[in-house]
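next one to model:
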Amino acid sequence: MALLFVVLLSYNAFLTYYGWGSSKEEFYIVMSYVQFVPLLLLTITFYIRPWRVGSINQRTPQHLWSLGGNHKYEKTGLSKAFSHELKNKLEHLMLTQKPYLNQELRLDDIAKLLDISRHHASQVINENFGLNFYEYVNRFRIEEAKRKLMAQTEHTAPSISEVAYQCGFNNRVSFYKAFRKITHSTPSEFMGKVA
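Presented below is the predicted three-dimensional model:
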């Protein structure tokens with residue numbers, strides 16, 4: 001990129017200098033000045049702009065142009081080892097206490113159960129599972145719903161809405177949406193496959 005810029009800059013400078021030196025007609029002299037303005041703007045844009053962006057963001061050029069990596073939690077103070085420990089603690093909590101069955105469950109509740117800040121709870125879920133809080137909780141809820149739907153018999157068959165509420169969903173629509181997203185089928189289709 002820099003080499004291309006230098007070549008274009010040199011070419012434009014040559015044309016401008018040649019136009020000034022070799023022409024005695026007023027039109028060509030004016031055209032040389034017209035050509036000089038974009039040359040000047042291009043030079044200013046290329047050389048000055050990166051410095052201004054760097055000083056505004058207070059970051060090194062490496063951070064400005066990097067495409068990968070999650071820098072969202074760089075300065076939270078949560079080490080990888082402690083994050084992994086919290087991940088295991090969270091999984092154990094979800095499997096044993098089943099807080100996801102609570103329809104009013106919030107991220108603050110999980111943070112309180114883990115005895116960490118809300119921000120750290122969110123970080124543990126995002127970094128270790130690649131999900132946001134609601135996606136993470138809904139995975140447990142859908143697994144619970146699948147167990148209930150598979151265990152149904154003709155004599156003890158609660159409605160799909162009842163299963164949704166028993167598994168922590170507030171309404172049938174959000175249950176269907178989450179169920180389809182995770183299993184790629186509706187609850188009725190799932191029950192048909194199991195039967």
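
quick one: low-confidence ranges for the chain?
Applying pLDDT under 70 to the chain flags the ranges 1-5, 8-9, 15-25, 27-36, 39, 42, 45-76, 153-157, 194-195.

what ranges does it have for its helices?
Taking DSSP state H as the test, the helices found in the chain are 2-22, 26-57, 61-65, 80-96, 107-114, 118-129, 133-150, 160-166, 172-183, 187-194.

the inter-axis angle of the last one versus helix 172-183?
Looking back up the chat, that one is helix 187-194. Calculated by axes from the mean of the first three to the mean of the last three C-alpha atoms, to 10 degrees, helix 187-194 forms an angle of 40 degrees with helix 172-183.

where does residue 168 fall, phi/psi-wise?
Here is the backbone geometry of residue 168 (degrees, to the nearest 10): phi 110, psi 0.

who touches it in this structure?
Each residue near residue 168 by C-beta atoms under 8 Å, 6 or more residues apart in numbering is listed here: 100-103, 105, 137, 141, 144. Every C-beta, even on glycine, is put in place using the N, C-alpha and C of the backbone.

run the last query once more with 6 Å
By C-beta atoms under 6 Å, 6 or more residues apart in numbering, the residues touching residue 168 are 100-101, 103, 141.

please report how far it lies from residue 179.
13 Å (C-beta to C-beta, to the nearest Å).

ditto for residue 85
Going from residue 85 to residue 179 by C-beta to C-beta gives 32 Å.

more neighbours: which of these two?
Using other C-beta atoms under 10 Å as the criterion, residue 85 and residue 179 rank with residue 179 on top: 27 against 12.

okay, now residue 172: neighbour count?
Using other C-beta under 10 Å, residue 172 has 16 neighbouring residues.

mind listing what residue 182 touches?
So residue 182 contacts residue 142 (C-beta under 6 Å, 6+ apart).

my read is that residue 187 contacts residue 177, right?
No: the pair residue 187 / residue 177 is not scored as a contact, 11.4 Å apart, by C-beta atoms under 6 Å.

higher neighbour count, those two?
Taking neighbours as other C-beta under 10 Å, residue 187 and residue 177 compare with residue 187 leading, 22 against 13.

what's the separation between the more buried one and residue 125?
25 Å.

likewise for residue 10?
Taken as C-beta to C-beta, the span from residue 10 to residue 125 is 54 Å.
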